[in-house]
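>>> fold the following.
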Amino acid sequence: MSTPATLTLSASDIAKLADVGRSTVSNWRNRYPDFPQPVAGDTTSPRFAKTEVEQWLEDHGKKVKDISLGRHLWSAMNGIRGAIEAEEAGAVAADLIVWRYVSDRESDGFDDALPAETQWSQLVGSGMSRDMAELIRKGMWAYEESHPEPAPLFNAIHSSSPGYDQARDQELLLSLALPVVDHLGLEQLEEAFESFQDQITRSVRRGYDSAATSDTLVNLVATLASSIPGPVHDPAVGSGRMLMATARHGENRTALTGQDIDPRAVIQANQRALLAEHARVDLRHGDVFAVNHFDQALAQVVVMDPPYGVRGHNTEHLYLDPRLPYGTPPKSSMDLAWLQLATWYLGTGGRAFVLQPAGSAFRGGAEAKIRAAMLQAGTIEAIIALPAGLASHTRIPLNLWVLARPGEVSDADRVLMIDHSETKDIDPDALTTALQDWRENRTVPTALPAEAVSIADILTVADKTDVNPRRWLSSGMDAPDLESVRSTVESLHRAAASTRKLTKLTAGSIAAGTQPPKLVSITDLEKAGSLEVLRTRETIRDADRGTDGTPIVSGAWIRGDAETRTVELGLFKTTPTITQPGDVLLQNTGGLAARVDAEGGRVLTSNSFHLLRPLSDNLRPEFLAEFIVSAHNRSQAQGAAIQRIRLQDLKVPLLPVEQQDSILERLTEVRTLQESATGILDAARQSRDALVDATSAGTISIG
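Numbering: from 1, shown residues only. Purely as a prediction, here's the structure:
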């Protein structure tokens, strides 16, 4: 057995480990001489030994949380993300996890036919070198040659990517990832793979995982399909998350099949299946509308979260495609084609569970005709309306379609409609029970907003063939009850009672001015040494912002909203610009706004913002933030499309610090009143809506 190398943590990892902010970790490093010293990285992105940090936290009585295996791997690979695309780094890490699974003698997936020098124990014991990368490539080729079924299984380590020194960069990637992978227990490989893929998908946010279905939707579909035994097929399999989850939840999953247009996604899906030790897996690459790799009626369960609203190109051949018996969808959207594919691959007694945008249930034209044909053929069994925001890549509301082979729906005359669109917490078990009761007994659930709608009624509503549950279910079922209406009214009373009177700001406290104060530009304040103006040295694209790392400065945050997005400091090639307590953040593009950062520790990632750092006690940061957003300054905006105000055109009045403090006292009162008024407005709006809706539904009576 090899001796695992030292695991290291970034400052962001330490913050996550201790459940504190990034700035707290910086304070610990400055205040405590015994805080562990960096063992890797550089001054911009230091890395610390995990065991030393955990011991220090324990010695100082700090809380220690567990960091996921994927987070460790993400942190290690993050060191090179400034030089290599995240997708490339992620693919290398995934390859390495799978390689250990098949090349480690202690692993259940070990292949003893591999060349001895390529096996895991030999690799980790020989030290990192370019020879190691070559040995790994040699072993991967050998494995794929002797196991053609899931091929291709590996991609990044032995692929050629133009634009960078592949040997140098892959050597660095391997040197970062290999110690972490070697630290994993063999029973942890699948968990680490899943966790890491989720981590990188959340960070990249632009299709790294082409089937980046949210965990909520994956769990929902897999749970609903659990009552249907038999093999599973996914015509838009992506990285296989939904397919594998469905396999875990059901019985007699004797075969798992799928197809995807993205070759990288198919590799991920094959890797996922291998680590999960699924037998009889057949995943193919190809455009399912151009090349059909699978036979009709091959699965009892079809699950799918296809791309929404994809425009068809060169789709003339689809007019002759036997898999689309109910009509060819318009080129503007292939949504209704996916639904027909789902029924084509179903075996007798099977069911398909397909996620679709809500629009596919009510758009007119060719799509309405396809829906009508599917209803008449008896393929639509149930449709569930889901809340907006469940998908990971869009906030549009979705519907979940439950489909059967022609003539095999539970009720030939009715479709079960369930409106779950206003529900905050999806209950997969309740929905599974509802669908099973409908399928077996044609029982309409009473615990859910549901109704069995006549197909004849649907077909006679104009020419829309609208099957959207929101259209058919009574809104009265969602009307607020007596207690909720009373609660909203009580909230309104509390909001009104919390309003404080103005004591500092009165009409009598305002006198006539004797002369205008001198207006000083931001540029002049900088020249005089009263102010330092900073900007970011490099920009970070939106795709690289995530939810782990250092908080960023954004326009929404400057305007007073909460900002949850973060960025890993390792992405910066130069020293990043980070705020200190008392800094003023300014947005002068697309509107004028300013805010004081009372805590510090935020990083600038965009040139749309300036950091104004007061250097003199004669300039209050709060005064600067208030008075820089004046009518005079807003009037300096230039530009036709996106308006911008030049920094040298922004001016603030030059006032004694005592007068600044006096004005700030009164402005603070106004700010507090403004916040209270906003609370009253929100409470009043909720009370008004509750009273109208509940009265209309008859759930309350006002005396």
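>>> what sits up against the longest strand along the chain?
Counting by DSSP state E, the longest strand found in the chain is strand 346-357. Residues from elsewhere that reach strand 346-357, judged by CB atoms under 8 Å, 6 or more residues apart in numbering: 213, 217, 221, 224-225, 228, 230, 297-306, 308-309, 335, 338-339, 342-343, 345, 381, 391, 396-405, 408, 439. Where C-beta positions appear, they are placed from N, C-alpha and C, glycine not excepted.
>>> now whichever helix or strand comes after that strand, how far from the centre of its chain.
The first helix or strand that comes after strand 346-357 along the chain, using DSSP states H and E, is helix 366-377. Taking CA atoms, centre = their mean, to the nearest Å, one finds helix 366-377 lying 34 Å from the centre of the chain it belongs to.
>>> which strands and helices sit next to helix 366-377?
helix 335-344, helix 455-460 (3 or more CB pairs under 8 Å, 6 or more residues apart in numbering; DSSP states H and E).
>>> comparing those, which comes out most buried?
For those, ranked by mean neighbour count under the definition mean count of other CB atoms under 10 Å, the leader is helix 335-344 at a mean of 25.
>>> and that helix, what's its mean pLDDT?
Averaged across helix 335-344, the pLDDT comes to 96.
>>> please apply the same query to stretch 18-37.
85.
>>> now do stretch 364-378
93.
>>> what are the buried residues along it?
Using 16 or more other CB atoms under 10 Å as the burial criterion, the residues of stretch 364-378 that qualify are 366-375, 377-378.
>>> among the residues you listed, which one lies nearest to T536?
Closest to T536 out of the buried residues of stretch 364-378 is E367 (46.4 Å), distances taken as CB to CB.
>>> now Q259: which helix or strand?
Q259 belongs to strand 256-260, assigned by DSSP H and E.
>>> give the next helix or strand downstream of that strand.
Downstream of strand 256-260 (by DSSP H and E), the next one is helix 263-275.
>>> contacts for that following helix?
So helix 263-275 is contacted by 87, 91, 94-95, 97-98, 101-102, 109, 150-155, 189-190, 193-194, 197, 209-211, 237-241, 243-244, 256, 258, 260, 281, 283-285 (CB under 8 Å, 6+ apart).
>>> likewise stretch 671-680?
When contacts are defined by CB under 8 Å, 6+ apart, stretch 671-680 is touched by residues 492, 495-496, 498-500, 502.
>>> try it again with 10 Å
The contact list for stretch 671-680 (CB atoms under 10 Å, 6 or more residues apart in numbering) reads 491-492, 494-502, 505, 560, 626, 664.
>>> out of the residues you listed, list just those in helices.
Residues of the contacts of stretch 671-680 located in helices (DSSP state H): 491-492, 494-497, 626, 664.
>>> and of those residues, the nearest to L691?
The nearest member of the ones in helices among the contacts of stretch 671-680 to L691, counting by CB to CB, is L492 at 10.5 Å.
>>> before we move on, back to that, tell me which of the helices and strands packed on helix 366-377 lies nearest to T577.
That would be helix 335-344 among those, by CB to CB, at 44.9 Å.
>>> alpha carbons only: can I get that closest one in CSV?
Provided in CSV are the C-alpha atoms of helix 335-344 (Å, rounded to 0.1, in the frame of the first residue of the first chain):
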residue,chain,number,x,y,z
ASP,A,335,-40.1,19.7,-27.2
LEU,A,336,-43.0,17.6,-28.6
ALA,A,337,-40.5,15.3,-30.4
TRP,A,338,-39.0,14.3,-27.1
LEU,A,339,-42.4,13.2,-25.8
GLN,A,340,-43.0,11.0,-28.8
LEU,A,341,-39.5,9.4,-28.5
ALA,A,342,-40.3,8.5,-24.9
THR,A,343,-43.4,6.5,-25.9
TRP,A,344,-41.5,4.8,-28.8
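>>> does H393 belong to a helix or a strand, and which?
Judged by DSSP H and E, H393 forms part of no helix or strand.
>>> pull out the buried residues from the contacts of stretch 671-680.
491-492, 495, 626, 664.
>>> any low-confidence regions in the stretch 51-200 of the chain?
Counting by pLDDT under 70, the ranges of the stretch 51-200 of the chain that qualify are 65-87, 89, 125-130, 151, 156-173, 176, 198-200.
>>> show me where it has its helices.
69-77, 86-103, 120-125, 130-146, 166-183, 189-204 (DSSP state H, counting those that start in this stretch).
>>> next one: the closest residue to D112 other than its chain neighbours from D411, what distance?
Counting by CB to CB, 6 or more residues apart in numbering, D112 lies nearest to R105, which is 7.9 Å off, once chain neighbours are set aside. R105 sits 57 Å away from D411, going by CB to CB, to the nearest Å.
>>> the two: who's more crowded?
D411 (16 against 11; other CB atoms under 10 Å).
>>> contacting residues for M242?
211, 213, 217-222, 225, 232, 234, 236, 258, 303-305, 353, 355 are the contacts of M242 under CB under 10 Å, 6+ apart.
>>> ok so, going back, switch the helices and strands packed on helix 366-377 over to JSON lines; also include distance to S360.
Compiled in JSON lines, the helices and strands packed on helix 366-377 are given as follows (distance: least, CB to CB, whole Å):
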{"stretch": "helix 335-344", "distance to S360": "4"}
{"stretch": "helix 455-460", "distance to S360": "15"}
